[in-house]
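Enquirer: The following comprises the amino acid sequence and a computationally predicted model.
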Amino acid sequence: MATKASPDVLRVDVTVVGAGAAGLYSALAAAREGASVTLVSRSPLAASASFWAQGGVAAALAADDSPERHLEDTIAAGRDASRASAARVLCEEAPARVRDLAELGVRFDADRHGGLALGLEGGHSARRVAHAGGSATGRRITRQLSALVAMDDRIRVLEGVSANALWVRDGRCVGLLAERVRGAAESDSQIDLVAYEDAYELGFEDMPRRVPDIGKIETTIGWRPTRDLAGILTDVVRSEREAGTDVSAAGIA
């Protein structure tokens, strides 16, 4: 009787699940700070929901606009259903993120003077919606970010792979169990992704054999709305060092 193949164990600094625009950007941001990254995507990079997004990107970039005004519009359009703290992060960080995307090579539409073309759309009191290729904004952003991810030596992309279980220790997620989607290459293999290189010596025997109900996974996701990803990663590595964990290979502190 054939035995099930042993899992591949990958030890990396950061694992990103999902290869939409947010996942691609997060992987690039972590790699830019020196982290080794594995990007897990159930579908090919060009098949994410972000690829088909036709809407533009809203940011207070005009001279007569401001993040505070953008926030007021966002809260009003949300009809009290928006989380104010999340909306503030979105509006305050949006201008820098759009500029960063442009620096990464995303070509946003220009006006007749060569400046960034900003549209006035529903819910906005000022022109602040940037498009790339008209209604092809999602395609252009994900295509450019996907190309950068594919060329980055610090990022390993696992396409056709599904993240099925989180690995939690002391209330913190330290890894995950990923399996290749049926029909994908090496469909019988399992991949055990460990969060920090050399931080834990964890064996596959400790992983759950059955994928648990997602509602029963006891995990805590740290979120600091006023900090960027690099700052969060640096704090995590610092806390691991204070706890006596060897994270010398993390390369992001």
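Expert: Nice, thanks for sending it over. Every value quoted in this text rests on a predicted model; they were computed, and no experiment measured them. Numbering: from 1, shown residues only.
Enquirer: Could you chop the chain up by domain?
Expert: The record's domain parsing of the chain by automatic domain parsing lists 8-47+151-242, 57-130.
Enquirer: Which of those comes out lowest on mean pLDDT?
Expert: Lowest mean pLDDT within these: domain 8-47+151-242, at a mean of 65.
Enquirer: Helices of the protein, start to end?
Expert: In the chain, the helices defined using DSSP state H lie at 21-32, 67-78, 84-103, 137-151, 229-242.
Enquirer: Tell me who's in contact with residue 67.
Expert: Residue 67 makes contacts with 60, 91-92, 94-95, as judged by C-beta atoms under 8 Å, 6 or more residues apart in numbering. No exception for glycine: its C-beta is placed from N, CA and C like everyone else's.
Enquirer: Need those in a markdown table (columns: neighbour count and distance to residue 132).
Expert: Converted to a markdown table, the contacts of residue 67 look like this (neighbours: other C-beta atoms under 10 Å; distance: C-beta to C-beta, whole Å):
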| residue | neighbour count | distance to residue 132 |
| --- | --- | --- |
| 60 | 22 | 18 |
| 91 | 23 | 20 |
| 92 | 17 | 22 |
| 94 | 19 | 15 |
| 95 | 18 | 16 |
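Enquirer: Export the residues you listed as JSON lines, with columns for distance to residue 141.
Expert: As requested, the contacts of residue 67 are exported to JSON lines (distance: C-beta to C-beta, whole Å):
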{"residue": "60", "distance to residue 141": "19"}
{"residue": "91", "distance to residue 141": "19"}
{"residue": "92", "distance to residue 141": "20"}
{"residue": "94", "distance to residue 141": "14"}
{"residue": "95", "distance to residue 141": "16"}
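Enquirer: Can you tell me which of these lies closest to residue 29?
Expert: Each of the contacts of residue 67 was checked against residue 29 using C-beta to C-beta; the closest is residue 94, at 15.2 Å.
Enquirer: The closest one against residue 59, yeah?
Expert: Yes. Counting by C-beta atoms under 8 Å, residue 59 is a contact partner of residue 94 at 3.7 Å.
Enquirer: Could you name every residue contacting both of those two?
Expert: Common neighbours of residue 94 and residue 59, counting by C-beta under 8 Å, 6+ apart, are residue 70.
Enquirer: how many neighbours does residue 135 have?
Expert: When counting by other C-beta atoms under 10 Å, one arrives at 12 neighbours for residue 135.
Enquirer: Chain neighbours aside, what residue packs nearest to it?
Expert: The shortest distance from residue 135 to any non-neighbouring residue, by C-beta to C-beta, 6 or more residues apart in numbering, is to residue 54 (4.1 Å).
Enquirer: correct me, but the one you found touches residue 138?
Expert: Yes. Counting by C-beta under 8 Å, residue 54 does reach residue 138; the two are 6.6 Å apart.
Enquirer: Which one's more surrounded, these two?
Expert: A direct count of neighbours by other C-beta under 10 Å for residue 54 and residue 138 places residue 138 higher, at 22 against 12.
Enquirer: Contact partners for the more buried one?
Expert: By C-beta under 8 Å, 6+ apart, the contact set of residue 138 is 21, 50-55.
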